[in-house]
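> how would this look folded up:
(one chain, ligands or ions: 2)
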Amino acid sequence: MKKILVTGGAGFIGSAFVRYQLRTYPEVQVVNFDKLTYAGNLDNVKECDPARHTFVQGDIADRAAIQAAMAGCDAVVNFAADTHVDRSIMGATDFIATNCTGVYNICEAARELGTARVLLVSTDEVYGSIREGSFTEQSPQGPRNPYSASKAGGELIALAHHETFGTPVIITRGSNTYGPYQYPEKVMPLFITNLIDGEQVPLYQGGEHNVRDWLWVDDHASGVDTALRQGTPGQVYNVAGGNERENIVLTHKLLELCGRDASFIRLVKDRPGHDFRYSIDASKLRGLGWTPQMPWDEGVAQTAAWYRDNEWWWRKIKTGEFLEYYRKQYADRK
Ligand code: NAD
Ligand code: TDX
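Ligands and ions are numbered 1, 2, ... in the order given. Below you'll find the model as predicted:
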């Protein structure tokens, strides 16, 4: 594999994947195709060598633009998505355009160009919530919010494309991902940056005991890479962190790391349709040789330290559009 198109490569996990490719495979060239929505940020890839990393601003919902970018690439790895559940509850039009139409465009362009590999990065949320045990790749989809429904829709479009046209589609379903460069709307960077600033954290009341399985961002990147290079077209691979924690446990850990006490917790109204627990079994991907490397305690400590040491990165994000969103999302949420 010599030239890889990464869509959404200016986002959180996409940029980690770009950096992973460049440091792991000296022969690889990366074309990074990203719309630069509110979540896209060229600061995330500013260390990348311009001789091996080319940036193209564009929208995967624009068929001609994505096809032009894919021409000459051996593989496309799609991270581009609208990704925040709470925003999808406010309105999901953009989610459908990117997460469904955008995926269809990538599949169509791959068919026309004969692209050798099409990897779609998806999520454990497509299974829905599970009280006990873990979902395997054979479990049925059961998305329960607009974001996860749009991701499930994109998956079905792509898998049907594989069945109908033989498009070499591979899907990964990752669990909740954390680490440096995550936009501070997601729970971990939101709570850490609020605590650094001496502000309370808005913990969803009724969701304190909900469980998420935390996956270190570079482990997610290596999981996607394993599926890309060793996976079989038409197959789905779960990428699980193996670190299930209740939200209240995570919150107390972040309070401790940021030197704050429990008075910094502000219980707010729960998310509508809040999925109780995500849990997936990653044996299939582990069978291809993948193992996550980062212990949870160490990863969370490194994440808190990174936000403490990199205020240049997030202070300029927590202005303008972000503050407007934060007010709408939390101000009246009693
Ligand atoms: P993110 O929100 O940080 O980044 C998304 C990126 O996609 C941004 O750079 C944005 O500009 C770009 N983008 C959005 N719409 C686009 C469009 N129409 N055309 C081109 N670029 C567009 O997201 P993330 O957390 O890095 O997630 C990346 C992928 O991983 C997504 O597909 C998401 O569904 C999936 N995923 C995320 C998690 C998680 O916990 N963050 C877990 C499992 C799976
Ligand atoms: O302010 C908050 N308070 C709170 O209690 C926020 C933002 C979240 N939460 C809770 C809700 C969830 O139980 O924390 C948990 C994690 O929430 P998010 O960070 O919004 O992530 P989640 O909804 O679990 O979805 C994430 O993982 C799967 C990503 O955003 C998705 O893109 C990914 O597919």
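
> I'd like the distance between the nearest residue to Asp261 once chain neighbours are set aside and Phe264.
Ranked by Cβ to Cβ, 6 or more residues apart in numbering and with sequence neighbours excluded, the top spatial neighbour of Asp261 is Leu255, at 6.6 Å. All C-beta atoms are positioned from the backbone trio N, CA, C, and that covers glycine. From Leu255 across to Phe264, the span is 6 Å (Cβ to Cβ, to the nearest Å).

> same deal with Val239?
Distance from Val239 to Phe264, by Cβ to Cβ: 32 Å.

> which parts of the chain sit against ligand 1?
Within the chain, the positions adjacent to ligand 1 are 7-8, 10-14, 34-37, 39-40, 59-61, 79-83, 98, 102, 121, 123, 151, 174, 176-177, 183 by Cβ under 6 Å from any ligand atom.

> ok, which stretches of the stretch 101-250 of the chain are strands?
Per DSSP state E, counting those that start in this stretch, the stretch 101-250 of the chain carries strands over the ranges 117-123, 169-174, 177-178, 201-204, 211-213, 215-216, 236-239, 244-246.

> dump these into CSV; add mean pLDDT and distance to Asp225 as well.
Shown next, in CSV, are those (pLDDT from 0 to 100; distance: least, Cβ to Cβ, whole Å):
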stretch, mean pLDDT, distance to Asp225
strand 117-123, 98, 9
strand 169-174, 99, 10
strand 177-178, 99, 14
strand 201-204, 98, 33
strand 211-213, 98, 20
strand 215-216, 98, 14
strand 236-239, 99, 11
strand 244-246, 98, 24
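
> Serialize these to JSON lines and add fields for mean neighbour count and distance to ligand 2.
Conversion of those to JSON lines gives the following (neighbours: other Cβ atoms under 10 Å; distance: least, Cβ to the nearest ligand atom, whole Å):
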{"stretch": "strand 117-123", "mean neighbour count": "26", "distance to ligand 2": "3"}
{"stretch": "strand 169-174", "mean neighbour count": "26", "distance to ligand 2": "7"}
{"stretch": "strand 177-178", "mean neighbour count": "24", "distance to ligand 2": "7"}
{"stretch": "strand 201-204", "mean neighbour count": "19", "distance to ligand 2": "4"}
{"stretch": "strand 211-213", "mean neighbour count": "21", "distance to ligand 2": "5"}
{"stretch": "strand 215-216", "mean neighbour count": "26", "distance to ligand 2": "9"}
{"stretch": "strand 236-239", "mean neighbour count": "26", "distance to ligand 2": "11"}
{"stretch": "strand 244-246", "mean neighbour count": "17", "distance to ligand 2": "9"}
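
> separation between Leu113 and Cys107?
Counting by Cβ to Cβ, the gap from Leu113 to Cys107 is 11 Å.

> the two: which has the busier surroundings?
Between Leu113 and Cys107, counting by other Cβ atoms under 10 Å, Cys107 is the more crowded of the two (26 against 14).

> surely Arg333 meets Leu267?
No - assessed by Cβ atoms under 8 Å, Arg333 is found out of contact with Leu267, at 9.9 Å.

> spell out which parts of the stretch 51-200 of the chain neighbour ligand 2.
Within reach of ligand 2 by Cβ under 6 Å from any ligand atom, the stretch 51-200 of the chain has these residues: Thr83, His84, Val85, Asp86, Thr123, Glu125, Asn176, Lys186, Val187, Leu190.

> phi, psi for the third one please.
Going back to what we said before, that points to Val85. The phi and psi torsions at Val85 (degrees, to the nearest 10) take the values phi -60, psi -50.

> how many residues are close by the nearest residue to it once chain neighbours are set aside?
Spatial nearest neighbour of Val85, excluding adjacent residues (Cβ to Cβ, 6+ apart): Tyr147 at 4.7 Å. The tally of other residues near Tyr147 (other Cβ under 10 Å) stands at 23.

> next one: stretch 147-164 to chain centre, how far?
When distances are taken as Cα atoms, centre = their mean, to the nearest Å, stretch 147-164 is centred 17 Å away from the chain's centroid.

> sorry, that was for stretch 130-138
20 Å.

> can you pull the buried residues of it?
Ile130, Ser134, Phe135, Glu137 (16 or more other Cβ atoms under 10 Å).
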